[in-house]
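Colleague: Mind folding the following:
(one chain, ligands or ions: 2)
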Amino acid sequence: MSAPVVVAIDGPAGSGKSSVSKAAARQLGFAYLDTGAAYRAVAWHVLNQGVDPAVEQAVVESLDEFGYVISTDPDDYYVHVNEQDITDAIRETRITDVVSKVAKVPVVRQYLSDLFRHIMATTDKPGIIAEGRDITTVVAPDAQARILLTASEEARMTRRSAELPQHSQDQTASALRARDAADSRVSDFMTAADGVVTVDSTDLDYAQTIDAVVGVIRSRMS
Ligand SMILES: Nc1ncnc2c1ncn2[C@@H]1O[C@H](COP(=O)(O)OP(=O)(O)OP(=O)(O)O)[C@@H](O)[C@H]1O
Ligand SMILES: Nc1ccn([C@@H]2O[C@H](COP(=O)(O)O)[C@@H](O)[C@H]2O)c(=O)n1
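Modeller: Numbering: from 1, shown residues only. Ligands and ions are numbered 1, 2, ... in the order given. Predicted coordinates for the structure are as follows:
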């Protein structure tokens, strides 16, 4: 069997990485890997164990008990830790607020990056789309298609606010800015590295963005 096509997509919070990657994977019959979900799962696990996410050594030790399973089927998506379904729990604000603290721990990054590479290499689908912050640059710099999915800060805030009507727009905007600022200290997902194609969705609707991403992937496969 030939090696799967690997597609790497990075971008800032709210740029559409998860929703667009999942839809593109469905269209192409590919697997879908949400790497942010893994960092969120570590954050959930750390809090669940009563560990302070700011204490690096304790976060690293918590990985010993981290029984992580993620689905890569875009039509049947779930995240489990130690057999508990945390698919929805990892989207809670209490997780989003601390995830950058665990994501900056080098041992956590190495542990998860190895796991991502293993999942990519062993997919039974003809290809896999992995999205996150450092997939084009660190996790899979040799991917067949590498995309930076961006949108203006204003567009990203508007989209995220629509998902969180219970929060004020100011609250949502400052949380998103703070997370991008913290994550930017670890990975560069605001500028495209050499060979990475930028798709700017600021003036595209959701369907147009999926078409643009699928178009880039198909162009790299032919
Ligand atoms: N081009 C677009 N036009 C309008 N809405 C969009 C577009 N792309 C994505 N969206 C919507 O924007 C919201 C944010 O998208 P999504 O959650 O996929 O972003 P993300 O980059 O994965 O964010 P995060 O990194 O914070 O998890 C979703 O509600 C999604 O449906
Ligand atoms: N490759 C990645 C992916 C994610 N992160 C960290 O996880 C957080 C959650 O990611 P979402 O895409 O689900 O919003 C993100 O804020 C980063 O802290 C990462 O470091 N590298």
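
Colleague: Now stretch 67-83 - C-alpha only, CSV.
Modeller: The C-alpha coordinates for stretch 67-83 follow below in CSV (Å, rounded to 0.1, in the frame of the first residue of the first chain):
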residue,chain,number,x,y,z
GLY,A,67,-4.8,7.4,28.2
TYR,A,68,-5.6,9.3,25.1
VAL,A,69,-7.7,8.2,22.1
ILE,A,70,-8.9,10.4,19.3
SER,A,71,-11.0,9.5,16.3
THR,A,72,-9.7,10.6,12.9
ASP,A,73,-13.0,9.9,11.2
PRO,A,74,-14.5,13.2,10.2
ASP,A,75,-18.0,11.7,10.4
ASP,A,76,-17.6,10.1,13.8
TYR,A,77,-15.4,12.5,15.8
TYR,A,78,-14.7,11.9,19.5
VAL,A,79,-11.9,12.4,22.1
HIS,A,80,-11.5,10.1,25.1
VAL,A,81,-9.1,10.2,28.0
ASN,A,82,-8.9,7.1,30.2
GLU,A,83,-12.1,5.9,28.6
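
Colleague: Would you map the helices across this structure?
Modeller: 17-28, 35-48, 56-62, 93-96, 99-103, 106-121, 153-163, 169-184, 206-221 (DSSP state H).

Colleague: Kindly reformat those helices as TSV containing mean pLDDT and mean neighbour count.
Modeller: C-beta: built from backbone N, CA, C; applies to glycine. What follows is those, written out as TSV (pLDDT from 0 to 100; neighbours: other Cβ atoms under 10 Å):
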stretch	mean pLDDT	mean neighbour count
helix 17-28	98	21
helix 35-48	98	22
helix 56-62	98	16
helix 93-96	96	16
helix 99-103	98	23
helix 106-121	98	16
helix 153-163	95	16
helix 169-184	95	16
helix 206-221	98	17
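
Colleague: Redo those as CSV? Include distance to ligand 2.
Modeller: Formatted as CSV, the helices of the chain follow (distance: least, Cβ to the nearest ligand atom, whole Å):
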stretch, distance to ligand 2
helix 17-28, 6
helix 35-48, 2
helix 56-62, 13
helix 93-96, 7
helix 99-103, 3
helix 106-121, 7
helix 153-163, 10
helix 169-184, 5
helix 206-221, 16
